[in-house]
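A.B. asks: Only the shape, not the letters, is given here:
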């Protein structure tokens, strides 16, 4: 049995190791068994400790913090079923390559399998969804080294979640807390990029299309721009890694969705950087095109399209910096793509003006164009991220983040909360179903007075399902579709937010929307816009038809 002093000393050293490796924030889920960890975190002056009562919400808050900063936050819970509520955030962190440290307190090993209260098997709880699992031994004096290793494993590329299980015996409160260790400098080793100069060098003289996606490392925009300019290659980039400049194609999803556009303007080679793109039209073409594709990504996953002819396991930013090719003198391929992009952009602007506000494409477009410079735009999965990808114009002065690892709607408000607590005012664009799924997080948003503005597009149900075959199938009648896919709820997000203590209002004019969204974010608020699911489908169809007509 470990003594209370030994346990306290171990936890103090563990936290010091985390802090020495750069971890500065912990989200704590209240409990008893995790008391020694809580005491250690709160005693270390380098740690910012944030209490989030709901474990599921705490996990996503830590995830959002990690996505925003690129550094892992720790999240700490008590023993038993509490740890299971972190799983959705762990899965997202794993597939999105986001750093996250999960510390689960546990009952002593002698109680495992005995049916003792609040005791379950927490060994390898998250299975293949973590980079590393370790069952920590609190009798081992090397807690400091373990803390550093946990932190650097989570952050080292490819980043991801690390789960450390900590078995803690009673008594849980020591008579005296150990003094925190003196800080020690710790520099994590970098993962070297793969040098494949011949790969990009042989692309000179060819028509190259660059497709970039996913949340990339700092410096990616500059690195990909240098390579694109050298190759005279157009760039289609997801919102999370938007690129601006002469090589940028802003309406790649619309162009890919117009019949024969990609086939008629076929590249010789596609350079894919990062995970699968948001645009279904684009990745569906890549999947069937047979065009040569070079995939550069540093991940534990394989090519989901199965169409890459060359796979280079490297961080795209590091790879691009190390492999700038010679200059391609032929600009005709780039000029063609830029001309098509301008034509489609003009058609969309004209057609969008014909729809009454709020239309969902206009909400996404106006929000991105007017949010304050330097802030974060967190975008929910389902329709919001698709509308931003399709209709919004890229900006280099904002950061766009989304939970696109598994593309789930769970924990969206909590994730944006974590992003806002990383230091930048945050605007969240989210649908009503996702907002309702995470409504309890509004109480934490209010309590922490987070600099978070939540924009909810309320179409009274699952709007994305209206675009799927179920909505038009002869074997799915309208009442069945509404019951199981449409799922109308009739709830007001304004009323729900106010009940949790968040200032909220409904807006129905474009002028009011732009004025509200462009104002500085000084605290929590929620804005609700009411749309119609059927009208939304027609709006999207009309905009795509306008783009196709203009291009033809």
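C.D. replies: Perfect, thanks for sending it. This is a predicted model, so every value here is computed, not measured. Numbers count the residues shown, from 1 in each chain.

A.B. asks: Run through the neighbouring helices and strands of the longest helix seen in the chain.
C.D. replies: If you go by DSSP state H, the chain has its longest helix at helix 332-352. Judged by 3 or more CB pairs under 8 Å, 6 or more residues apart in numbering; DSSP states H and E, helix 332-352 is in contact with helix 252-257, helix 360-370, helix 533-551. Every C-beta, even on glycine, is put in place using the N, C-alpha and C of the backbone.

A.B. asks: Now do the end-to-end distance for stretch 22-30.
C.D. replies: 24 Å (CA to CA, to the nearest Å).

A.B. asks: whoops, I mixed them up, stretch 453-467
C.D. replies: 28 Å.

A.B. asks: Likewise for stretch 102-121?
C.D. replies: Across stretch 102-121, the terminal residues are separated by 16 Å (CA to CA).

A.B. asks: Give me the contacts around that stretch.
C.D. replies: The list of residues contacting stretch 102-121 from outside it, by CB atoms under 8 Å, 6 or more residues apart in numbering, reads 1, 31, 33-34, 36-37, 59, 74-83, 86, 90, 122-123, 125-126, 130, 161-169.

A.B. asks: just stretch 321-335 next, same as before
C.D. replies: Contacts of stretch 321-335 (CB under 8 Å, 6+ apart): 193, 195-197, 199-201, 203-208, 219, 223, 226-227, 230-234, 247, 265, 267.

A.B. asks: Helices - which of those residues land there?
C.D. replies: Reading helices off those with DSSP H, I get 197, 199, 200, 201, 223, 226, 227, 230, 231.

A.B. asks: which residues does the fourth one contact?
C.D. replies: With contacts defined as CB under 8 Å, 6+ apart, residue 201 is in contact with 323, 325, 326.

A.B. asks: Could you rerun that using 6 Å?
C.D. replies: residue 325 (CB atoms under 6 Å, 6 or more residues apart in numbering).

A.B. asks: Distance check, it against residue 309.
C.D. replies: Note on residue 201: its distance to residue 309, by CB to CB, to the nearest Å, is 17 Å.

A.B. asks: one step back: quick one, the longest helix of the chain and helix 360-370 angle?
C.D. replies: 110 degrees (axes from the mean of the first three to the mean of the last three CA atoms, to 10 degrees).

A.B. asks: Do me a favour and average the pLDDT over helix 332-352.
C.D. replies: Across helix 332-352, pLDDT averages out at 96.

A.B. asks: now do stretch 201-217
C.D. replies: The model assigns stretch 201-217 a mean pLDDT of 93.

A.B. asks: partners of the nearest residue in space to residue 239 that is not next to it in sequence in the sheet?
C.D. replies: Nearest-residue entry for residue 239: residue 400, 4.1 Å, with adjacent residues in sequence omitted and distances by CB to CB, 6 or more residues apart in numbering. With DSSP bridges as the criterion, residue 400 is bridged to residue 377.

A.B. asks: Ok, residue 506 next?
C.D. replies: On the basis of DSSP bridges, residue 506 is bridged to residue 528.

A.B. asks: Equivalent analysis for residue 166, please.
C.D. replies: Under the criterion used here (DSSP bridges), residue 166 is bridged to residue 105, residue 136.

A.B. asks: how many neighbours does it have?
C.D. replies: Residue 166 has 25 neighbours, counted by other CB atoms under 10 Å.

A.B. asks: How much space separates it from residue 494?
C.D. replies: Separation of residue 166 from residue 494 (CB to CB): 42 Å.

A.B. asks: Check residue 280 too.
C.D. replies: Per CB to CB, residue 280 is found 33 Å from residue 494.

A.B. asks: what about residue 330, which SS state?
C.D. replies: With DSSP: H, G, I helix; E, B strand; the rest coil as the basis, the three-state label of residue 330 is coil.

A.B. asks: what comes up buried for stretch 241-249?
C.D. replies: Buried residues in stretch 241-249, counting neighbours by 16 or more other CB atoms under 10 Å, are found at 241, 242, 243, 244, 247, 248, 249.

A.B. asks: And the second one, its phi and psi?
C.D. replies: Think residue 242. Note on residue 242: its backbone torsions stand at phi -50, psi 140 [degrees, to the nearest 10].

A.B. asks: give the contact list for it.
C.D. replies: residue 394.

A.B. asks: let's go with 8 Å and repeat that
C.D. replies: Residue 242 makes contacts with 221, 394, 395, 396, 400, as judged by CB under 8 Å, 6+ apart.

A.B. asks: what about the first one, neighbour count?
C.D. replies: Each residue near residue 221 was counted by other CB under 10 Å, and the total is 20.

A.B. asks: Just the strands from the stretch 401-550 of the chain, written as ranges.
C.D. replies: Secondary structure of the stretch 401-550 of the chain by DSSP state E, counting those that start in this stretch: the strands cover 426-431, 452-458, 503-506, 525-530.

A.B. asks: and of the ones you listed, who's closest to residue 377?
C.D. replies: Of all the strands of the stretch 401-550 of the chain, strand 426-431 sits nearest to residue 377, with 5.2 Å by CB to CB.

A.B. asks: The closest one vs strand 452-458, what angle?
C.D. replies: Relative orientation of strand 426-431 versus strand 452-458 (the same axes, to 10 degrees): 10 degrees.

A.B. asks: re the thing from before, would JSON lines of the buried residues of stretch 241-249 with distance to residue 465 and pLDDT be doable?
C.D. replies: What follows is those, written out as JSON lines (distance: CB to CB, whole Å; pLDDT from 0 to 100):
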{"residue": "241", "distance to residue 465": "28", "pLDDT": "95"}
{"residue": "242", "distance to residue 465": "28", "pLDDT": "94"}
{"residue": "243", "distance to residue 465": "32", "pLDDT": "94"}
{"residue": "244", "distance to residue 465": "33", "pLDDT": "94"}
{"residue": "247", "distance to residue 465": "36", "pLDDT": "96"}
{"residue": "248", "distance to residue 465": "32", "pLDDT": "96"}
{"residue": "249", "distance to residue 465": "29", "pLDDT": "97"}
